[in-house]
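**Student:** quick one, what's the 3D model for this:
(chains A and B)
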There are 2 protein chains.
Amino acid sequence: MIIINNEIERLDFSREPRGLYEPIGYTLSGGGKRVRPTLALTACRLFGGQEESVLPVALALEVFHNFTLLHDDLMDKADTRRGRQTVWKKWDANTAVLSGDQMLIEAYKLLAQLPAEQLANVLPIFNRMATEICEGQQLDMDFEGMKLTEVSIADYMEMIRLKTSVLLASALQMGALIAGADEAAQEALYNFGIKVGLAFQIQDDLLDCFGDAATFGKPIGGDILEGKKTYMLLTAYQQGGEAFRTQLEALRTAMPANKIHNVCELYNRLGVRQRAEEAIETLTREALAFLNGIPQNEDTAALRSLAEKLASRNK
Amino acid sequence: MIIINNEIERLDFSREPRGLYEPIGYTLSGGGKRVRPTLALTACRLFGGQEESVLPVALALEVFHNFTLLHDDLMDKADTRRGRQTVWKKWDANTAVLSGDQMLIEAYKLLAQLPAEQLANVLPIFNRMATEICEGQQLDMDFEGMKLTEVSIADYMEMIRLKTSVLLASALQMGALIAGADEAAQEALYNFGIKVGLAFQIQDDLLDCFGDAATFGKPIGGDILEGKKTYMLLTAYQQGGEAFRTQLEALRTAMPANKIHNVCELYNRLGVRQRAEEAIETLTREALAFLNGIPQNEDTAALRSLAEKLASRNK
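**Tutor:** Take a look at the predicted model:
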């Protein structure tokens, strides 16, 4: 993470026009766990590649990820991100649109630093990933306008696969590719990333309800108040059916704190927490299985440990 | 143009999720003169290249150009484009943001079809162009918030170089590059494109005042009513100084038709029309001079003819 943060600082966004570049520098200096570039570096090292060779990809991933957050925050009208004002809130909507666009272009500028042959191999993977993330965001927005009865758990899993998993999976795949790993090994890491991403998102949904506000970093119950179609809500409907819908409807006008408390109670009664925990456990086990066919070294161990940590995290 | 339209139709945007792809198909089916892909094709043919080899670049340019229009229309709150509702107006702002993002990614997907070595040569040029267009759009927005006294004609020329010229120039350069033209020849075409773009934009500014609404395709005087800092307005201030500013200020509350009429009168009296026409003529002559050092064939003739047509167009 230190190497990534150093490299991100070296990207110079003090350029003119300030109105375009300042929000980009602001966004990238907001911290974050740098998970995606770290995955690319780890995958590259795992197969004996040099860290320097994967840096353009690692940085492009981080810049791209932050671009998606910038535009998502605009679309979701989110006021804060990582404890600071979002770009559209600190500046305005037009700034968020245009600086976001430039950030996406900056990601491709980083990729363009790769040697010709690697670029030709990496670009299609990066493009497919970028497309799938847009598709995931579109599905997420589509779900908002749909009824609880219209979104299945399978639909939801496909949405979070696109919106969350493919970025982690592609980071790992591209890291392995740069190191010269064969296609089977790339695919194993990709599949590991998909499963880890799904587990991560379900854990996120779980923490919205059963997390500790002090460690989670965002207020508990946000998804419940927004009526967001999370794994929790969809599972509750799957388990409780129309009776659950009626109970939920009765809470529509309840005070926020009461609503959160009562919905979590319903989740408990319907065994939703347990089902979510089981799903996370299964996905983590499936993820880890994909690591069996590849070289075992300290980087493989780091990936195992990451998957296990994500599955039991409380923030 | 027929080959381009056929190829654009073959890009399939009937994919799911519809909410993401339908606005892209809509935008690309809106017509337009397909100037940029045509320039890339012409430049490629001029140096003996095969049309098929430059198609990924030509299509990427057209998709990219339409992406900029989609996001610009959102930022400018423009209701119509090419006689149809703009995407943010027909759908909503979020759709314009996300479908625009995906359109930018689609441009890069088209580039990724190039052979590895050409991709490595083309991508940096494409990225620089994309960046400069964002910078130009930012300057354009910056100028809106500035006083007439704060924007020089040189500032304006730099803005339109970025916002309009570099796309034409890069289309020509990339077409030549794909055909294997040497760097001097690429540069000559690039510089030709820069000058033609500047002449084109000044002609556009001129037509807002002295064009014929029936042929121009948009209402006359739009720039005047918006107070847009065009070549006309900035030249009028350069020629008329504070006296012009006072006269303009006096028209602030005038009825739209009167305001347009009187501002055009002021432009006439200050010789602005003549200065604009001279600038267009000079830029066109400078553009044509760049074509002297390259092979002369029917494609060179087509570029000459294009430059001359743009300089004397009335729409």
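
**Student:** check which element follows the worst-scoring helix or strand of chain A on mean pLDDT along the chain.
**Tutor:** For chain A, using mean pLDDT, DSSP states H and E, the weakest element among its helices and strands is helix A:213-216, scoring a mean of 66. From helix A:213-216 onward toward the C-terminus, using DSSP states H and E, the following helix or strand is helix A:222-226.

**Student:** what is that following helix packed up against?
**Tutor:** With contacts defined as 3 or more CB pairs under 8 Å, 6 or more residues apart in numbering or on different chains; DSSP states H and E, the packing partners of helix A:222-226 are helix A:183-210, helix A:231-250, helix A:256-269. Placement of C-beta: from N, CA and C, glycine included.

**Student:** CA atoms only for it, dumped as CSV, please.
**Tutor:** Extracted in CSV, the C-alpha atoms of helix A:222-226 (Å, rounded to 0.1, in the frame of the first residue of the first chain):
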residue,chain,number,x,y,z
GLY,A,222,-28.7,3.4,6.0
ASP,A,223,-29.7,0.7,3.6
ILE,A,224,-32.9,0.0,5.6
LEU,A,225,-34.0,3.6,5.6
GLU,A,226,-33.3,3.9,1.9
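
**Student:** centre of the chain to that helix, how far?
**Tutor:** 19 Å (CA atoms, centre = their mean, to the nearest Å).

**Student:** mind listing what's buried along that helix?
**Tutor:** Buried residues in helix A:222-226, counting neighbours by 16 or more other CB atoms under 10 Å in any protein chain shown, are found at A:223, A:224.

**Student:** any idea of the mean pLDDT for whichever helix or strand residue A:306 is part of?
**Tutor:** Following DSSP H and E, one finds residue A:306 within helix A:298-312. Mean pLDDT, helix A:298-312: 93.

**Student:** what helices or strands is it leaning on?
**Tutor:** Using 3+ CB pairs under 8 Å, 6+ apart, helix A:298-312 sits against helix A:35-46, helix A:183-210, helix A:272-289.

**Student:** ranking the ones you listed by burial, who's on top?
**Tutor:** Ranked by average neighbour count under the criterion mean count of other CB atoms under 10 Å in any protein chain shown, the helices and strands packed on helix A:298-312 are headed by helix A:35-46 at a mean of 25.

**Student:** the helix or strand just after that one vs helix A:35-46, what angle?
**Tutor:** Following helix A:35-46 in sequence order, the next helix or strand is helix A:51-76 (DSSP H and E). Angle, helix A:51-76 to helix A:35-46, by axes from the mean of the first three to the mean of the last three CA atoms, to 10 degrees: 160 degrees.

**Student:** so helix A:51-76, near chain B or not?
**Tutor:** Yes. Residues of helix A:51-76 contacting chain B under CB under 8 Å from any CB of the partner chain: A:71, A:74, A:75.

**Student:** buried ones in that helix, by neighbour count?
**Tutor:** Buried, per 16+ other CB under 10 Å, within helix A:51-76: A:53-76.

**Student:** so for that helix, mean pLDDT?
**Tutor:** pLDDT averaged over helix A:51-76 gives 98.

**Student:** following it, which helix or strand comes up?
**Tutor:** strand A:80-81.

**Student:** low-confidence regions, the stretch 1-150 of chain A specifically.
**Tutor:** Residue ranges of the stretch 1-150 of chain A with pLDDT under 70: none are present.

**Student:** try it again with 80
**Tutor:** A:1 (pLDDT under 80).

**Student:** what residues does the stretch 101-250 of chain A have near chain B?
**Tutor:** A:101-102, A:104-106, A:108-109, A:111-112, A:115-117, A:119-120, A:123-124, A:127, A:130-131, A:134-135, A:137-139, A:141-142.

**Student:** give me the subset of these lying in strands.
**Tutor:** Among these, DSSP state E puts none in strands.

**Student:** excluding chain neighbours, what is closest to residue A:88?
**Tutor:** residue A:96 (3.8 Å; CB to CB, 6 or more residues apart in numbering or on different chains).

**Student:** now swap in residue A:120 and tell me
**Tutor:** Residue A:120 sits nearest to residue B:116 (CB to CB, 6+ apart), 3.6 Å away.

**Student:** go on, residue A:308?
**Tutor:** Here the residue nearest residue A:308, using CB to CB, 6+ apart, is residue A:284, at 6.7 Å.

**Student:** what angle separates whichever helix or strand residue A:170 is part of from helix A:51-76?
**Tutor:** Residue A:170 belongs to helix A:166-178 when assigned by DSSP H and E. Relative orientation of helix A:166-178 versus helix A:51-76 (the same axes, to 10 degrees): 160 degrees.

**Student:** show me what helix A:166-178 is packed up against.
**Tutor:** helix A:35-46, helix A:51-76, helix A:116-144, helix A:183-210.

**Student:** could you rerun that using 10 Å?
**Tutor:** Judged by 3 or more CB pairs under 10 Å, 6 or more residues apart in numbering or on different chains; DSSP states H and E, helix A:166-178 is in contact with helix A:35-46, helix A:51-76, helix A:116-144, helix A:183-210, helix A:298-312.

**Student:** so whichever residue of the stretch 201-315 of chain A sits closest to chain B, which of the three states?
**Tutor:** Nearest to chain B, among the residues of the stretch 201-315 of chain A, is residue A:229, at 15.2 Å (CB to the nearest CB). Secondary structure assignment for residue A:229 (DSSP: H, G, I helix; E, B strand; the rest coil): coil.

**Student:** wait, it touches residue A:143, no?
**Tutor:** Yes. Contact criterion CB atoms under 10 Å: residue A:229 and residue A:143 qualify, at 5.0 Å.

**Student:** so for those two, which residues contact both of them?
**Tutor:** Shared contacts of residue A:229 and residue A:143 (CB atoms under 10 Å, 6 or more residues apart in numbering or on different chains): A:150, A:151, A:155, A:156, A:159.

**Student:** nearest residue to the fourth one in space, please, no chain neighbours.
**Tutor:** Closest residue to residue A:156 in three dimensions, ignoring its sequence neighbours and counting by CB to CB, 6+ apart: residue A:234, at 5.4 Å.

**Student:** which residues does the one you found contact?
**Tutor:** Residues in contact with residue A:234, defined by CB under 10 Å, 6+ apart, are A:143, A:148, A:151, A:152, A:153, A:154, A:155, A:156, A:157, A:205, A:272.

**Student:** out of those residues, who's the most crowded?
**Tutor:** residue A:272 (29 neighbours; other CB atoms under 10 Å in any protein chain shown).

**Student:** and that residue, how far is that from residue B:3?
**Tutor:** 57 Å (CB to CB, to the nearest Å).

**Student:** and what of residue A:193?
**Tutor:** 41 Å.

**Student:** give the burial count for residue A:145, as a bare number.
**Tutor:** With other CB under 10 Å as criterion, residue A:145 counts 8.

**Student:** pretty sure it sits against residue B:19.
**Tutor:** Yes. With contact defined as CB under 10 Å, residue A:145 reaches residue B:19; the gap is 9.4 Å.
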